[in-house]
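Novice: pasting the sequence and the predicted model now:
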Amino acid sequence: MFWQTSRFLLDLASPKVMGIVNITPDSFTDGGHYLEVHAALRHCEQLLKDGADLLDLGAESTRPGAQPLPTDEELSRLLPVLQAAVKFGVPISVDTYKPQVMQAALDLGADIINDVWALRWTGPNLLYPAASGQQVVAAHPDCGICLMHMHREPQTMQVTPMVGDVVPQVLDFLTRSARELELLGVARQRIVLDPGIGFGKTVAQNFSLLAQQQALTASGFPVLAGWSRKSSLAVALGSVDPAISVGGPHPRLMASVAAALLAVERGATVVRVHDVRETVQALKVLNAIK
């Protein structure tokens, strides 16, 4: 199985580690750490030294309760970092839901658009009045696309989470979203699916998605798992820890690595993580027994 991106064809026969770079003041776990351009780029370099296969740059927090960011502010945070990051020689993903930001990122050489709204968002500040995220990525010849499932939107997703069995609901939404892209001429090899852990689901529903993740991988699309430092892990640990660490290892580090490993065992081919070095080490152990 392969993932076609703008500049790279990723062989997913072995799992890939996507390092998270939050260029924000308010992300749930490391907000403000990498807001400055030089700090963000140093973090990129460190993640690559730690073994990241690709990087995911995000300039707007989508944590529960996060308020929308004006497009011009998102661009001012993102573009200086992206302009330098595309020179690192690895695939660069951009985490955004705004078509104008997608277009600007692709114009600068981004390889992947990673969208929590699965290209559904519409609103002001569009590059062209009729442009949508679907149209932006469909117009690009080969950028990679990650479609994520989110219930409602960041301001309300955890206030009124999903009800019922989430697995068939998430599967149906993601496969329909992927088919819509294919109808627009997007090659299947460009699309990856993300069940959206923590985005409008209860703790039990999140773990249900992990336990039954094979239902997603059976769709034929690669699956990206994003469990890193999520609050559901703290609940499983029976702890009430701060989301933001102040020096030393993050309190959810070991649980995050365990969840990433379980996701890969259940068929995920990309894991999106904060703690790259530890995740890479754990995956090497998993690989040694295969």
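Specialist: Great, that's in hand. Residues are numbered from 1 along each chain as shown.
Novice: now do the end-to-end distance for stretch 226-235.
Specialist: Start to finish, the residues bounding stretch 226-235 are 17 Å apart (Cα to Cα, to the nearest Å).
Novice: give me the residues contacting that stretch.
Specialist: 20, 28-29, 148, 194, 196-198, 203, 206-207, 210, 240-241, 243, 250-253, 255-256, 259-260, 263, 271-275 (Cβ atoms under 8 Å, 6 or more residues apart in numbering). C-beta: built from backbone N, CA, C; applies to glycine.
Novice: now those: which count as buried?
Specialist: 20, 28-29, 148, 194, 196-198, 203, 206-207, 210, 243, 250-253, 255-256, 259-260, 263, 271-275 (16 or more other Cβ atoms under 10 Å).
Novice: so which of the residues you listed sit within strands?
Specialist: 20, 148, 194, 271-273 (DSSP state E).
Novice: now do the contacts for the nearest residue to residue 138 once chain neighbours are set aside.
Specialist: Distance criterion Cβ to Cβ, 6 or more residues apart in numbering; nearest residue to residue 138, sequence neighbours excluded, is residue 184 at 4.0 Å. By Cβ under 8 Å, 6+ apart, the contact list for residue 184 reads 134-135, 138.
Novice: and if you look at residue 149?
Specialist: Neighbours of residue 149 in contact, by Cβ under 8 Å, 6+ apart: 118, 170, 173-174, 194-196, 199.
Novice: count the neighbours of the nearest residue to residue 39 once chain neighbours are set aside for me.
Specialist: The shortest distance from residue 39 to any non-neighbouring residue, by Cβ to Cβ, 6+ apart, is to residue 33 (6.9 Å). Residue 33 has 18 neighbours, counted by other Cβ atoms under 10 Å.
Novice: can you confirm residue 33 is in a helix?
Specialist: No - read with DSSP: H, G, I helix; E, B strand; the rest coil, residue 33 is coil and lies in no helix.
Novice: tell me the pLDDT at it?
Specialist: Residue 33 carries a pLDDT score of 75 in this model.
Novice: surely it and residue 22 touch.
Specialist: Yes - contact criterion Cβ atoms under 8 Å: residue 33 and residue 22 qualify, at 7.5 Å.
Novice: quick one on the thing from earlier: any idea how far residue 43 is from the residue nearest to residue 39?
Specialist: According to Cβ to Cβ, to the nearest Å, residue 33 stands 7 Å off from residue 43.
Novice: what residues sit buried inside stretch 136-152?
Specialist: Neighbour counts over stretch 136-152 (16+ other Cβ under 10 Å) mark 136-138, 140, 143-151 as buried.
Novice: hmm, I was thinking of stretch 264-283
Specialist: Applying 16+ other Cβ under 10 Å to stretch 264-283 flags 264, 266-280, 282-283 as buried.
Novice: narrow the residues you listed to those in helices?
Specialist: Under the assignment DSSP state H, the buried residues of stretch 264-283 contribute 264, 276-280, 282-283 to helices.
Novice: quick one: average pLDDT of stretch 215-224?
Specialist: Stretch 215-224 comes out at a mean pLDDT of 97.
Novice: now do the strands in the protein.
Specialist: Taking DSSP E, the strands of the chain run over residues 2-4, 9-11, 16-22, 54-58, 92-95, 112-115, 144-148, 191-194, 224-225, 270-273.
Novice: turn those into CSV, including distance to residue 166.
Specialist: Output for the strands of the chain, formatted as CSV (distance: least, Cβ to Cβ, whole Å):
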stretch, distance to residue 166
strand 2-4, 25
strand 9-11, 28
strand 16-22, 23
strand 54-58, 24
strand 92-95, 22
strand 112-115, 19
strand 144-148, 14
strand 191-194, 14
strand 224-225, 15
strand 270-273, 19
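Novice: between those, which gets nearest to residue 103?
Specialist: strand 112-115 (9.7 Å; Cβ to Cβ).
Novice: next, count neighbours for the nearest residue to residue 83 once chain neighbours are set aside.
Specialist: Nearest residue to residue 83 in three dimensions, chain neighbours excluded: residue 108, at 5.7 Å (Cβ to Cβ, 6+ apart). Per other Cβ under 10 Å, the neighbour tally for residue 108 reads 15.
Novice: next up, the contacts around residue 108.
Specialist: Contacts of residue 108 by Cβ under 8 Å, 6+ apart are 79, 82-83, 86.
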